[in-house]
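Chemist: predicted model and sequence follow; I will ask about them next.
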Amino acid sequence: AQSVAQPEDQVNVAEGNPLTVKCTYSVSGNPYLFWYVQYPNRGLQFLLKYITGDNLVKGSYGFEAEFNKSQTSFHLKKPSALVSDSALYFCAVRDAGSARQLTFGSGTQLTVLP
Amino acid sequence: KAGVTQTPRYLIKTRGQQVTLSCSPISGHRSVSWYQQTPGQGLQFLFEYFSETQRNKGNFPGRFSGRQFSNSRSEMNVSTLELGDSALYLCASSRTGQGGDNSPLHFGNGTRLTVT
């Protein structure tokens, strides 16, 4: 079985401050991990993914995520938040050993305050 | 390159009716997946089609069905609509599908279905 948890429904951060959106996962084998962002009345947009290799993954719009196998986490980070980063963020996981579909987390609403 | 196109964007139906939603994937993408998004349940996987064959199916009742045509366009049908079917329905396309090479899913902007 595969599952993903986003423990925070809402994250607020001041513009210019660093931001972190948390994600933990559970899979039987090795994980494939993804972050997506959703703006109001739009579909999800791909930000970044971890398949293998370096634990620090860099993605679109200055976002990065750190894979931590021992803590089964894949937290999304950005050094300096922008008001335009305000959106709904989804973490997703798939077991590398299966042909199953992605399982998405419940989403975290990020609000960057000016 | 055109993105994933979903039609219509908004739909209002009455309980008991049926509805068909359409999704045109990015050119060259052979996989189309459908998701239901609601505030309470989040994103729930409905099914995935690849080369006109259903490859994976989520835990939804048989009222939810889909198909894929030879040009990779996909339709989703919901029969005997219930109030709880009100949701944003998203489709996503990819080149090789969700069990393939991990190329990212490309989502459309969704169809907002309201059942009254």
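Modeler: Right, received. Where do you want to start? Because the structure is predicted, anything quoted here is derived from the model rather than measured. Numbers count the residues shown, from 1 in each chain, chains lettered A, B, ... in the order given.
Chemist: from here on, contacts and neighbour counts on C-alpha atoms
Modeler: Will do.
Chemist: which residue sits closest to residue 20, ignoring its sequence neighbours?
Modeler: In the absence of a named chain, chain A is used. What sits nearest to residue A:20 in space, not counting adjacent residues and going by CA to CA, 6 or more residues apart in numbering or on different chains, is residue A:77, at 4.5 Å.
Chemist: try chain B instead
Modeler: Nearest to residue B:20 is residue B:77, by CA to CA, 6+ apart, at 4.4 Å.
Chemist: and that neighbour, which helix or strand is it part of?
Modeler: According to DSSP states H and E, residue B:77 maps onto strand B:74-78.
Chemist: so for that strand, what gets flagged as buried?
Modeler: B:74, B:75, B:76, B:78 (16 or more other CA atoms under 10 Å in any protein chain shown).
Chemist: please apply the same query to stretch A:19-36.
Modeler: For stretch A:19-36, by 16+ other CA under 10 Å, it's A:19-27, A:31-36.
Chemist: now stretch B:98-116
Modeler: B:98-99, B:102, B:104-115.
Chemist: ditto for stretch B:32-47
Modeler: B:32, B:33, B:34, B:35, B:36, B:37, B:42, B:43, B:44, B:45, B:46, B:47.
Chemist: who touches it?
Modeler: A:101, A:103-107, B:25, B:48-50, B:54-60, B:64, B:66, B:72-74, B:76, B:86-94, B:97 (CA atoms under 8 Å, 6 or more residues apart in numbering or on different chains).
Chemist: thought residue A:92 was touching residue A:6?
Modeler: No. With contact defined as CA atoms under 8 Å, residue A:92 does not reach residue A:6; the gap is 9.8 Å.
Chemist: which one of those two has more residues nearby?
Modeler: Remark: of residue A:92 and residue A:6, residue A:92 carries more neighbours, 27 against 22, as counted by other CA atoms under 10 Å in any protein chain shown.
Chemist: next one: the more buried one from residue B:43, what distance?
Modeler: Going from residue A:92 to residue B:43 by CA to CA, to the nearest Å gives 10 Å.
Chemist: spit out the residues that contact those two alike.
Modeler: With CA under 8 Å, 6+ apart as the test, residue A:92 and residue B:43 both reach A:104, A:105.
Chemist: hmm, which two among the buried residues of stretch A:19-36 are most spread apart?
Modeler: A:19 and A:27 (26.2 Å; CA to CA).
Chemist: which of the buried residues of stretch A:19-36 fall within strands?
Modeler: Counting by DSSP state E, those place A:19, A:20, A:21, A:24, A:25, A:26, A:31, A:32, A:33, A:34, A:35, A:36 in strands.
Chemist: show me what contacts residue B:5?
Modeler: B:23, B:24, B:25, B:108, B:109.
Chemist: at 6 Å what do you get?
Modeler: B:23, B:24, B:108 (CA atoms under 6 Å, 6 or more residues apart in numbering or on different chains).
Chemist: try residue A:23
Modeler: Counting by CA under 6 Å, 6+ apart, residue A:23 has contacts A:5, A:6, A:73, A:74, A:75.
Chemist: check what pLDDT the first one gets.
Modeler: It stands for residue A:5. Each residue has a pLDDT score; the one for residue A:5 is 96.
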